[in-house]
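Enquirer: just a sequence and a predicted model for now, questions to come.
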Amino acid sequence: MSKTKFCQGISDISDGYSGFILDQWGVLHDGKKIFDGVLEVMEQLKSRGKEVIILSNSGKRAGLSEKRLKELGLSKDYYDHIVTAGEFTWQGLKDQKEGIFKDLGKRVYVLSRNEDTSIVDGLDLKIAHDIDNADFLLISGSDAPNKELDDYDAVLRKASQKRLRAICANPDTYALIDGKTYFGAGQIARRYISFGGVCEFIGKPYQPIIRHCMSLFENALPASTIIIGDSMPHDVMSGALLNIDTALIANGVHAKQFDGAFDNPAEKDKVLNALINNYGCKPNYLMNDFSWGLALPDRKHKKDRKKKK
């Protein structure tokens, strides 16, 4: 595998790809504001005819994420599609006829942020307010920092004792909120598994949701697509599993590891190698943040890609 290239911005690589799959939290925004430089990147990609999909492990439905992005200042004009783990889950729960969704039952106990149950709105399901009355468990978000991880133990242990199947509609291990990192829904799901429960994960890095994104592109193929995100185990691993190029944003969930190394290539390389060894996957590119950078041509990278072929 070739060495990861350090880039100043998206302009360094934009000419080499026609399809862009972008993470949301930690790349485009922090939940409260769009990051500086993001709108410029989106405008540049759009003006160059790139196909752009925003892919989020959010447990919310796509329409709610689209509305939230619009409120933050990123309208639908900037991208082609938005795909969320919550939307993917909703579609599966609608019929409960295939795979992990088959015969889950009608009574669901939802673990989410701020007790949000919109993920099951419009479905023929009943919200169970007591785990004893539930047929299955749906984990769509964490209530950090309002709750600690062990605050979920009582419910998770009881669900495990009842042998309830669980669906995790947001596999993210960590959540970036107001610039701080907290435990995500993925950690709640893994805690359930540690108690003996059975849980299925929907979202990155699992292949079905990436294949779904690829099916939405009109022209882009896997070889001309890049996944851009801030998480090694979710975004970079997604690309590794399907042989799709990836770019890691350093100033996201791994910002603490990269702290002090943003302007020091040797230190940055050391931190990156530690992450690669830890997660077993390697990004094709690394950049500090999701910004356009200098208006440089991408011919060097295009040549590199041709050599690989």
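Expert: Thanks, I have it. Source: prediction; values computed, not measured. Numbers count the residues shown, from 1 in each chain.

Enquirer: what stretches of the stretch 51-200 of the chain score poorly on pLDDT?
Expert: Of all residues in the stretch 51-200 of the chain, none has pLDDT under 70.

Enquirer: what segments of the stretch 51-200 of the chain are helices?
Expert: 62-72, 85-95, 153-161, 185-194 (DSSP state H, counting those that start in this stretch).

Enquirer: how about TSV for those, with distance to residue 250 and mean neighbour count added?
Expert: The C-beta positions use only the backbone N, C-alpha and C, and glycine is treated the same way. Listed next are those as TSV, based on distance: least, CB to CB, whole Å; neighbours: other CB atoms under 10 Å:
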stretch	distance to residue 250	mean neighbour count
helix 62-72	22	16
helix 85-95	24	21
helix 153-161	33	17
helix 185-194	21	21
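
Enquirer: correct me, but residue 203 touches residue 213?
Expert: No: using CB atoms under 8 Å as the test, residue 203 is too far from residue 213 to be in contact (11.3 Å).

Enquirer: more crowded one of those two?
Expert: Comparing residue 203 with residue 213 by other CB atoms under 10 Å, the one with more neighbours is residue 203, at 28 against 22.

Enquirer: residue contacts, residue 48?
Expert: residue 14 (CB atoms under 8 Å, 6 or more residues apart in numbering).

Enquirer: show the pLDDT at it.
Expert: In this model, residue 48 is scored at 97, pLDDT.

Enquirer: list phi and psi for it.
Expert: As for residue 48, its main-chain torsions (degrees, to the nearest 10) stand at phi -100, psi 10.

Enquirer: quick one on the thing from earlier: can you tell which of the helices of the stretch 51-200 of the chain is closest to residue 274?
Expert: Residue 274 lies closest to helix 185-194 among those, at 21.0 Å (CB to CB).

Enquirer: helices and strands around that closest one, which ones?
Expert: Judged by 3 or more CB pairs under 8 Å, 6 or more residues apart in numbering; DSSP states H and E, helix 185-194 is in contact with strand 136-139, helix 153-161, strand 165-168, strand 198-201.

Enquirer: how about residues contacting the second one?
Expert: In this case it means helix 153-161. Defining contact as CB under 8 Å, 6+ apart, one finds that helix 153-161 is touched by 109, 111, 131-132, 134, 137, 166, 188, 191-192, 195-197.

Enquirer: contact partners for residue 260?
Expert: Residue 260 neighbours (CB under 8 Å, 6+ apart): residue 267.

Enquirer: try 10 Å
Expert: Counting by CB atoms under 10 Å, 6 or more residues apart in numbering, residue 260 makes contact with 267-268, 271.

Enquirer: and for residue 4?
Expert: With CB under 10 Å, 6+ apart, residue 4 has these contacts: 236, 246-248, 268-269, 272-273, 276, 282-286.

Enquirer: I am finished for the moment; much appreciated.
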